[in-house]
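[1] One predicted model, sequence on top.
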Amino acid sequence: MANVQSLDPSASPLDYYGWELRRQREAHGLRQGQLGEIIFCTGSLIGQIETTRKVPTRDFSERLDAALGTDGVFSRLVGLVLRSQLPTWFQPYAEMEARATYISTYQAQLVYGLLQTEEYARAVLATGMPDDLDGLVAARMERQRILEREQPPLAWAILDEAVLHRPIGGVEVMRNQLARLLEFASHRWMRIQVLPFVAGEHSSLDGSFTAMRFDDDPGIIYTEDLISGHMTANPETIREAMRRYAHVQAAALSVEASAALITRVMEERYGDRPEPEERGVA
């Protein structure tokens with residue numbers, strides 16, 4: 001547990017955030033409880049963030065800036081804080097993702113991270129039994145802000161049909177997740193296709209991968225294994241990955257047919273229906 005007096009603002013973005021929050025609060029002559037009342041949270045939460053026991057959210061940071069008149073300081077800082085909460089091995093990928101001008105991904109198991117709802121992301125991330133699940137979820141949601149830019153990356157996601165059927169988080173979570181995918185059906189910068197079961201064997205049976213291109217840097221390919229992620233800019237690897245992606249894309253349903261399949265799965269598997277009654281033991 002961090003002690004407020006011993007916080008080193010240069011130790012990490014989270015330490016700096018806590019140190020700066022305490023400095024600004026005291027400069028305004030506010031106790032933790034008083035500031036909490038102003039921004040609609042508990043004084044305990046203020047204290048936990050000041051001592052790095054809790055990770056701030058973007059909403060919390062925006063309310064802080066409004067209450068303290070800090071001209072967006074905390075709203076800007078929270079991006080660094082949340083990125084620092086990502087696993088160390090994943091942070092380089094997140095930095096490259098934020099700079100990419102074109103992203104193409106094939107996902108065999110899960111909905112692509114930039115398309116996940118908060119509830120779906122929470123269910124996925126909980127499987128790793130992290131120490132700070134809230135921080136990881138907030139960091140994943142923060143990554144999605146690149147899709148809200150005035151000029152976001154052009155992105156193309158191919159999801160295996162298995163992704164639609166795997167009940168991550170339960171019926172309601174999946175229904176909301178598939179509805180989220182359908183919101184991108186007419187999106188200008190994001191396209192989603194589904195690789196159907198009937199495609200059979202295909203060129204990426206080895207698993208998921210993501211390709212990213214940049215304005216001024218070589219493209220990269222990103223893959224993950226059980227423990228960590230791997231990026232490479234090797235031209236031969238990139239050519240092979242893009243060849244496979246082209247074959248997967250050719251076997252996938254069109255954007256329109258993919259949306260129709262997502263709608264059908266959402267209605268048939270995750271539509272509103274009463275839960276089965278539990279039967280007692282005779």
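    Yep, it's here.

[2] For the residue most central in space within the chain, give me phi and psi.
    Closest residue to the average C-alpha location of the chain: residue 140 at 2.8 Å, with Cα atoms, centre = their mean. In terms of degrees, to the nearest 10, the main-chain angles of residue 140 are phi -70, psi -40.

[3] Surely it is in contact with residue 125?
    Yes - here residue 140 reaches residue 125: they are 7.0 Å apart, a contact under Cβ atoms under 8 Å. For the C-beta atoms, the positions are set from N, CA and C on the backbone; glycine is no exception.

[4] returning to what we had before: just want to check the distance between the spatially closest residue to the residue nearest to the centre of the chain that is not a sequence neighbour and residue 110.
    Leaving out its chain neighbours, the residue that sits closest to residue 140 by Cβ to Cβ, 6 or more residues apart in numbering is residue 121, at 4.8 Å. In this structure, residue 121 and residue 110 are 10 Å apart, going by Cβ to Cβ, to the nearest Å.

[5] quick one, which of the two is more surrounded?
    Each of residue 121 and residue 110 has its neighbours counted (other Cβ atoms under 10 Å); residue 121 has more, 27 against 18.

[6] how much space between the residue nearest to residue 140 and residue 115?
    Distance from residue 121 to residue 115, by Cβ to Cβ: 10 Å.

[7] Kindly report the same for residue 267.
    Summarising the geometry, the distance separating residue 267 from residue 115, computed by Cβ to Cβ, is 19 Å.

[8] Same drill for the two, tell me which one is more crowded.
    Under the neighbour definition other Cβ under 10 Å, residue 267 and residue 115 were set side by side, and residue 115 has more, 23 against 12.

[9] Do you know the pLDDT at that one?
    At residue 115, the pLDDT value in this model is 97.

[10] so it makes contact with residue 183?
    No - counting by Cβ under 8 Å, residue 115 stays clear of residue 183, with 9.3 Å between them.

[11] So which residues of this structure form strands?
    Taking DSSP state E, the strands of the chain run over residues 102-107, 154-160, 190-195, 209-213, 220-224, 229-232.

[12] Is it possible to get a markdown table of the ones you listed that adds mean pLDDT, distance to residue 58 and mean neighbour count?
    Output for the strands of the chain, formatted as a markdown table (pLDDT from 0 to 100; distance: least, Cβ to Cβ, whole Å; neighbours: other Cβ atoms under 10 Å):
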| stretch | mean pLDDT | distance to residue 58 | mean neighbour count |
| --- | --- | --- | --- |
| strand 102-107 | 96 | 22 | 21 |
| strand 154-160 | 96 | 21 | 22 |
| strand 190-195 | 96 | 21 | 22 |
| strand 209-213 | 96 | 24 | 21 |
| strand 220-224 | 93 | 25 | 18 |
| strand 229-232 | 93 | 24 | 13 |
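
[13] Out of the ones you listed, the one nearest residue 32 is which?
    strand 229-232 (38.6 Å; Cβ to Cβ).

[14] Direction included, what does that closest one pair against?
    The pairing partners recorded for strand 229-232 under DSSP bridges are strand 220-224 (antiparallel).

[15] now the partner strand against strand 209-213, angle please.
    For strand 220-224 against strand 209-213, the angle by axes from the mean of the first three to the mean of the last three Cα atoms, to 10 degrees is 160 degrees.

[16] Strand 220-224 vs strand 102-107, what angle?
    Between strand 220-224 and strand 102-107, the angle comes out at 30 degrees (the same axes, to 10 degrees).

[17] Give me the residues contacting strand 220-224.
    Residues outside strand 220-224 that contact it (Cβ atoms under 8 Å, 6 or more residues apart in numbering): 93, 96, 207-212, 229-234, 237-238, 241.

[18] What of stretch 79-93?
    Contact partners of stretch 79-93, identified using Cβ under 8 Å, 6+ apart, comprise 12-14, 17, 55-56, 58, 94-95, 132, 135-136, 138-139, 142, 145, 222, 228-229, 231.

[19] what do you get if the cut-off is 6 Å, keeping everything else the same?
    Residues outside stretch 79-93 that contact it (Cβ atoms under 6 Å, 6 or more residues apart in numbering): 13-14, 17, 55, 94, 135, 138-139, 142, 222, 228-229.
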